[in-house]
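Need coordinates for the below:
(one chain, ligands or ions: 1)
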Amino acid sequence: MQDDPNDAKASFDTLYTRPDPRDYFSILGSLDYAIPELAKPVFRRAANAFRKIKGRDASILDLGSSYGINAALFRYPISVDMLRTRYARREMMALTSEETRALDKAYFQSWPRARPERLVAVDVSAPAVAYAREVGLVDDGVAADLEEGAPPEIARCFSDVDMIISTGVVGYVTANTFETLLAANARPPWVISFCLRMFDYAPIAETLARHGLKTEKLSSAAFVQRRFQDEEEAQQVLDVLAKRGLDPDGLESDGLLMAELFVSRPPEDVKALPIEQLVRVVSGRELSFGPRLVQVKRGSQRLLAPMRP
Ligand SMILES: C[S@@+](CC[C@H](N)C(=O)[O-])C[C@H]1O[C@@H](n2cnc3c(N)ncnc32)[C@H](O)[C@@H]1O
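Just a heads-up that it's a prediction; the model follows:
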């Protein structure tokens, strides 16, 4: 059995340092990496709630952003599947990285922007952050390992953050990273983390509590991160869960890595809008349907139109 739960999970570290996300989508896509898709409605709903409570748009930091997938999904009407299909084209595979980045910039710019929020990317991978900035998915970015303390860009990027979001990153980062971020911030931000069940979120919640944030877990929901890569990974993760006293039935025992949602906010914001009202889980939206009648806003009008997702 593993001592560090990180050793139980397959390592994809080399995917995170390429100059564009083609390999990322090819490998993680082949394992049906789904968590950014499932997190998107939660992040958007939290940003709506923030606007309602605070009367302004949140400035959002994506921790462990990699190539900016969360930013892409948050900002534009696109999905993980659409991106995966895009990069799987033989013609896309043949391009140089420079050509890929130029086309990606044009691709993202060609979509109507759904959200006005400022977005900042933070990741230990300099090429991934550079990509997210170059193609316009984020307004700013820092390549740094916050486990090691504050980088020089700290004031520029972290001091006015209202919301820290993350998917697939806790485990790579610990409470140290959150301590660095919170210590740099002028006001305590909302922290919205999707954390694999195999990792213990309690040390992070304790750190956030020292900065005045109350953490709630959405205890009635679990979110698929991806399929297990192979039997070895499945067995190792099941061993870690057993060690943590967690029952995998109906979750990891179905062959899937599962995450939970933790939301930390100042107590007055929790009181104004408890997590059950902040987050709404709509189960099944990702299934494929025939044409649906969707509501389209055009100016002040709302029209119904058939849409094939
Ligand atoms: C599984 S990927 C998740 C990426 C992205 N959030 C997503 O869901 O598509 C993990 C990311 O964590 C980053 N990472 C690893 N160690 C880190 C650290 N100490 N600080 C910040 N990011 C780190 C990796 O470079 C990688 O981009």
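
all strands for the stretch 51-200 of the chain, in order.
For the stretch 51-200 of the chain, the strands identified by DSSP state E, counting those that start in this stretch occupy 59-63, 118-123, 140-143, 163-167, 190-196, in order along the chain.

which other helices and strands contact the last one?
Going back to what we said before, that points to strand 190-196. In this structure, strand 190-196 makes packing contacts with helix 35-54, strand 163-167, helix 202-210, strand 223-227, strand 256-265, judged by 3 or more C-beta pairs under 8 Å, 6 or more residues apart in numbering; DSSP states H and E. C-beta: built from backbone N, CA, C; applies to glycine.

Out of the ones you listed, which is closest to the ligand?
The minimum distance between the ligand and these falls on strand 163-167, with 3.7 Å, by C-beta to the nearest ligand atom.

Whether the closest one contacts the ligand - can you check?
Yes - applying C-beta under 6 Å from any ligand atom, one finds strand 163-167 in contact with the ligand at residue 167.

how about that strand: buried residues?
Along strand 163-167, the positions that meet the burial threshold by neighbour count (16 or more other C-beta atoms under 10 Å) are 163-167.

coming back round to it: need the winner for burial among the helices and strands packed on strand 190-196.
Relative to the other members of the helices and strands packed on strand 190-196, strand 163-167 carries the highest mean neighbour count by mean count of other C-beta atoms under 10 Å, namely a mean of 25.

Does the helix or strand bottoming out on mean pLDDT in the chain reach the ligand?
The helix or strand with the lowest mean pLDDT-type score in the chain, counting by mean pLDDT, DSSP states H and E, is helix 154-158 (a mean of 80). No - shown here: helix 154-158 not in contact with the ligand (C-beta under 6 Å from any ligand atom), separated by at least 13.0 Å.

Could you shift the numbering so residue one becomes 284, and keep it that way?
Let's use 284 as the start, then, which means that last one is helix 437-441.

I'd like the distance from that helix to the chain centre, please.
Distance of helix 437-441 from its chain centroid, counting by C-alpha atoms, centre = their mean, to the nearest Å, is 20 Å.

One more: stretch 339-349?
In terms of C-alpha atoms, centre = their mean, the centre of stretch 339-349 is set 9 Å apart from its chain centre.

now the end-to-end length of it.
27 Å (C-alpha to C-alpha, to the nearest Å).

same question, stretch 505-520
Its start and end residues considered, stretch 505-520 measures 16 Å (C-alpha to C-alpha).

Distance from that stretch to the middle of the chain?
With C-alpha atoms, centre = their mean as the basis, stretch 505-520 stands 18 Å off its chain's centre.

Please list the outside residues in contact with that stretch.
In this structure, residues lying in contact with stretch 505-520 by C-beta atoms under 8 Å, 6 or more residues apart in numbering are 284-285, 290-293, 311, 314-318, 321-322, 450-451, 477, 479-481, 534-535, 538-544.

List the residues that contact the residue nearest to residue 448 when sequence neighbours are not counted.
Counting by C-beta to C-beta, 6 or more residues apart in numbering, residue 448 lies nearest to residue 475, which is 5.0 Å off, once chain neighbours are set aside. For residue 475, the residues meeting the contact criterion (C-beta under 8 Å, 6+ apart) are 325-326, 329, 446-449, 544-547.

at 7 Å what do you get?
With contact taken as C-beta atoms under 7 Å, 6 or more residues apart in numbering, residue 475 is in contact with 325-326, 329, 446, 448, 546.

any weak-confidence spans in the stretch 284-433 of the chain?
Low-confidence segments of the stretch 284-433 of the chain, defined by pLDDT under 70, are located at 284-285.

returning to that earlier point: could you take the contacts of residue 475 and lay them out as CSV, with extra columns for distance to residue 460?
Formatted as CSV, those follow (distance: C-beta to C-beta, whole Å):
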residue, distance to residue 460
325, 21
326, 19
329, 20
446, 16
448, 14
546, 17
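
which among those residues gets closest to residue 361?
residue 326 (14.3 Å; C-beta to C-beta).

The closest one and residue 358, how far apart?
With distances defined as C-beta to C-beta, to the nearest Å, the gap from residue 326 to residue 358 amounts to 11 Å.

residues from the stretch 434-583 of the chain in reach of the ligand?
Proximity of the stretch 434-583 of the chain to the ligand, by C-beta under 6 Å from any ligand atom, involves residues 450-452, 455-456, 460.

now do 8 Å
When proximity is defined as C-beta under 8 Å from any ligand atom, the stretch 434-583 of the chain approaches the ligand at 449-452, 455-456, 460.
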